[in-house]
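Chemist: Give me coordinates for this.
(one chain, ligands or ions: 1)
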Amino acid sequence: MSANATSPVTVSLKHVRKVFENGTTALENFSLDVRQGEFVSLLGPSGCGKSSALRIIAGLSEPSSGTVDWPMADAAGLQHELGFVFQEPTLMPWASVFSNVWLPLRAKGVSKSAACDRVMESLATVGLEDFAGHRPQELSGGMKMRVSIARALITRPKVLLMDEPFAALDEITRFKLNNDLLQLQERFGWTILFVTHSVFESVYLSSRVVVMAARPGRVIQDLAIEAPRPRQDGFRTSPYYSARCRDVSAALESAMVPMDGM
Ligand SMILES: Nc1ncnc2c1ncn2[C@@H]1O[C@H](COP(=O)(O)OP(=O)(O)OP(=O)(O)O)[C@@H](O)[C@H]1O
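Modeler: Reported below is the predicted structural model:
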């Protein structure tokens, strides 16, 4: 499923401001609509508030002012619709792959036997069904990240929030997981909000790249990446890809310009 300008809005942030207790203003007048089926990347210099924005969308942090609305979801069902993937896979080292993926259901009181089909389905989605009995330390970095994704998928979310999930991986593994993620999004119709530092990754994956600037964190450009989806490796060498990478790099460069001579 591809999103377009008429797809319904999944989440809408209006004039969000986030000031931490120590006085740091992480976000100022941050507004963003994400539509169903979109793949939106947040890109910007370190400290521009990407993670703060994602945490507010996730409900892990409250905005100081402004609103976050989920027009299509009722509040009670919202939690089940979100999946989170962070940069560190944060797996329990003493537990099997199966138990790590089971965790979100276990926390809801679902027994191991009742969860079994769902856990195996999630592991199969990321190609790890043969590794259910392994411990995390027996897996490569890319496989650990797949386990982390499988764990996020166990509640069958409709929206995935991903905070630099592939940043710690080598480039070949990262490219492979990029393609897998695009295939899975096509299959399940997820809406994805993705934080990255990489211009190249953001253009490859996204239907929109939202470029942010720091001090205070705000949106400075919103660029559509209009190449057909799901994309494949050939896209990385296409003239359109190069041109969009140049546009996004230019936007990022302007985000680096300090305000008021800072
Ligand atoms: N819990 C906190 N308390 C105080 N300040 C915070 C807190 N979390 C983040 N900040 C500050 O808010 C600003 C935005 O941080 P945030 O982590 O959202 O940026 P980011 O764009 O995700 O950065 P990076 O790319 O380095 O991960 C930074 O100045 C940061 O120091």
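Chemist: Which residues of the chain lie near the ligand?
Modeler: 20, 22, 24, 26, 44, 46-52, 217 (C-beta under 6 Å from any ligand atom). C-beta here means a position set from N, CA and C on the backbone, and glycine is covered the same way.
Chemist: which residues in the chain form strands?
Modeler: Per DSSP state E, the chain carries strands over the ranges 9-19, 25-35, 39-43, 65-69, 82-85, 159-163, 191-196, 208-213, 218-224.
Chemist: Most tightly packed of the ones you listed?
Modeler: Mean neighbour count (mean count of other C-beta atoms under 10 Å) peaks for strand 39-43 among the strands of the chain, with a mean of 26.
Chemist: Within its sheet, name the partner strands of it and how each one runs.
Modeler: Strand 39-43 has these partner strands in its sheet, going by DSSP bridges: strand 191-196 (parallel), strand 208-213 (parallel).
Chemist: And those strands: which comes nearest residue 128?
Modeler: strand 191-196 (20.2 Å; C-beta to C-beta).
Chemist: Give me the mean pLDDT for the closest one.
Modeler: Per-residue pLDDT over strand 191-196 has a mean of 96.
Chemist: Could you check how far it is from the centre of its chain?
Modeler: Offset of strand 191-196 from its chain centre (C-alpha atoms, centre = their mean, to the nearest Å): 3 Å.
Chemist: Any quick PyMOL command for the buried ones out of the residues of the chain next to the ligand?
Modeler: In PyMOL, a selection of the buried entries from the residues of the chain next to the ligand looks like this (16 or more other C-beta atoms under 10 Å):
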select buried, resi 26+44+48+49+50+51+52+217
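Chemist: Make JSON lines from the residues of the chain next to the ligand and add pLDDT to it.
Modeler: Below are these laid out as JSON lines (pLDDT from 0 to 100):
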{"residue": "20", "pLDDT": "95"}
{"residue": "22", "pLDDT": "94"}
{"residue": "24", "pLDDT": "92"}
{"residue": "26", "pLDDT": "95"}
{"residue": "44", "pLDDT": "93"}
{"residue": "46", "pLDDT": "90"}
{"residue": "47", "pLDDT": "90"}
{"residue": "48", "pLDDT": "92"}
{"residue": "49", "pLDDT": "94"}
{"residue": "50", "pLDDT": "94"}
{"residue": "51", "pLDDT": "93"}
{"residue": "52", "pLDDT": "94"}
{"residue": "217", "pLDDT": "91"}
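Chemist: Local confidence estimate at the residue positioned nearest the centre of the chain?
Modeler: Centroid-nearest residue in the chain, with C-alpha atoms, centre = their mean: residue 162, separated by 2.3 Å. You'll see residue 162 listed with a pLDDT of 94.
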